[in-house]
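1. need coordinates for the following:
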Amino acid sequence: SCGLTTCRRLRLSLGLVLFLAVCLVASNAETILYEGKSAYNNIVVTEDSSGLRTLLFEKDGARQSVVKPGDPDHIELPYARAAMTALALCEDPRRVLVVGLGGGTIPMFLRKHYPLAAIDVVDIDPEVVRVAKKFFGFREDARMRAHAADGRRFIEQSRQPYDIVFLDAFGPDSIPRHLATLEFLHSVRRALTPRGLVAGNVWSSSTNRQYDDMVRTYREAFSELYIIRVEGAGNRILLGLPRAGRVTRNDLSKRAAAISKQHGFRFDLGELVVGGFQAAIKRDPQAHILTDPGKPKPRP
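-> Numbers count the residues shown, from 1 in each chain. Next up is the predicted model:
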């Protein structure tokens with residue numbers, strides 16, 4: 001009798017576990033809202049049960065953006081939060097450029113907290129711009145404009161300098177080569193104000209064979225370079241400054257914490273700096289400087 005009761009209880013317990021597992025899978029299931037092919041990408045938009053919408057460039061590819069429509073303060077992906085450490089090095093940006101729109105996470109957050117800033121957003125794929133507006137709540141206004149153009153050409157042709165340039169242009173799994181070379185980064189440097197900086201999002205060495213080369217190329221292009229390791233993700237944020245003047249972890253974390261408090265961010269930038277700051281002082285002699293095809297390699 002006791003054995004039978006135990007078996008029944010075990011079956012009931014297993015059934016409950018199975019039921020809860022099915023419910024959990026169902027609650028996390030994502031609905032495909034859009035699938036389309038452009039000249040550059042296979043665009044997929046999904047939505048989960050909590051209302052978060054995700055942009056992918058292939059069904060099982062890396063998440064390009066995760067947005068909660070109508071809530072620009074919500075930044076789901078850790079790298080996008082870490083990229084905002086750039087604000088601690090330029091506290092009152094008046095002109096900002098974002099290369100790589102995705103779902104619009106970065107420009108929409110900036111528009112919310114820096115309403116007087118002029119923001120240009122560039123994406124090579126006009127379909128990404130259309131999808132960002134239709135599914136992610138991205139909106140242009142008098143001070144925020146989207147441009148369907150090649151980011152490099154846009155920067156090379158820019159006439160008014162920017163205080164911050166965010167480089168967040170990815171294909172399905174990598175940065176386009178022409179947006180990683182020394183010649184391109186020299187163009188970015190020329191497009192910055194004296195107090196400005198660039199914040200580049202790159203994959204770390206665990207998934208990016210050219211990570212060390214990218215860091216070396218940034219180090220060659222800018223007077224100062226800092227790296228923010230993104231906790232819980234394979235990203236690194238490279239902060240390049242066109243001016244000399246060393247910044248310490250403690251100094252940057254204090255500035256970042258103050259900015260977070262002043263603007264009411266939902267996350268503490270200071271903690272991100274403390275956990276992931278690195279000053280890239282030395283040039284790695286084993287790393288290569290990335291250059292445009294046909295361009296001579298710079299001397300070490």
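
2. which residue ranges of the stretch 1-150 of the chain form helices?
-> Along the stretch 1-150 of the chain, the segments classed as helices by DSSP state H, counting those that start in this stretch run 2-28, 78-83, 105-113, 126-135.

3. kindly report the same for the stretch 201-300 of the chain.
-> Using DSSP H, counting those that start in this stretch, helices in the stretch 201-300 of the chain cover 211-221, 249-263, 269-276.

4. how about the last one: buried residues?
-> Right, helix 269-276. Buried residues in helix 269-276, counted by 16 or more other C-beta atoms under 10 Å: 269-270, 272-274, 276. Every residue, glycine included, has its C-beta placed from N, CA and C.

5. go on, the second one?
-> Residues of helix 249-263 classed as buried by neighbour count (16+ other C-beta under 10 Å): 252-253, 255-257, 259-260, 263.

6. between it and helix 269-276, how many degrees?
-> Orientation of helix 249-263 against helix 269-276 (axes from the mean of the first three to the mean of the last three C-alpha atoms, to 10 degrees) gives an angle of 150 degrees.

7. what's helix 249-263 packed up against?
-> Packing contacts for helix 249-263, counted by 3 or more C-beta pairs under 8 Å, 6 or more residues apart in numbering; DSSP states H and E, involve helix 269-276, strand 277-279.

8. hmm, residue 124 and residue 150 touching each other?
-> Yes - between residue 150 and residue 124 there is a contact under C-beta atoms under 8 Å: 5.1 Å.

9. who's more crowded, the two?
-> Shown here are residue 150 and residue 124; by other C-beta atoms under 10 Å, residue 124 has more neighbours (25 against 18).

10. and the more buried one, what does it touch?
-> Listed by C-beta atoms under 8 Å, 6 or more residues apart in numbering, the contact partners of residue 124 are 40, 148-151, 169.

11. buried subset of these as a PyMOL selection?
-> Selection command for PyMOL covering only the buried members of the contacts of residue 124, criterion 16+ other C-beta under 10 Å:
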select buried, resi 40+149+150+151+169
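
12. returning to what we had before: distance to residue 163 and pLDDT added to the buried residues of helix 249-263, as a markdown table?
-> Formatted as a markdown table, the buried residues of helix 249-263 follow (distance: C-beta to C-beta, whole Å; pLDDT from 0 to 100):
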| residue | distance to residue 163 | pLDDT |
| --- | --- | --- |
| 252 | 17 | 97 |
| 253 | 21 | 97 |
| 255 | 15 | 97 |
| 256 | 17 | 97 |
| 257 | 21 | 97 |
| 259 | 14 | 97 |
| 260 | 19 | 97 |
| 263 | 16 | 97 |
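
13. that'll do, ta.
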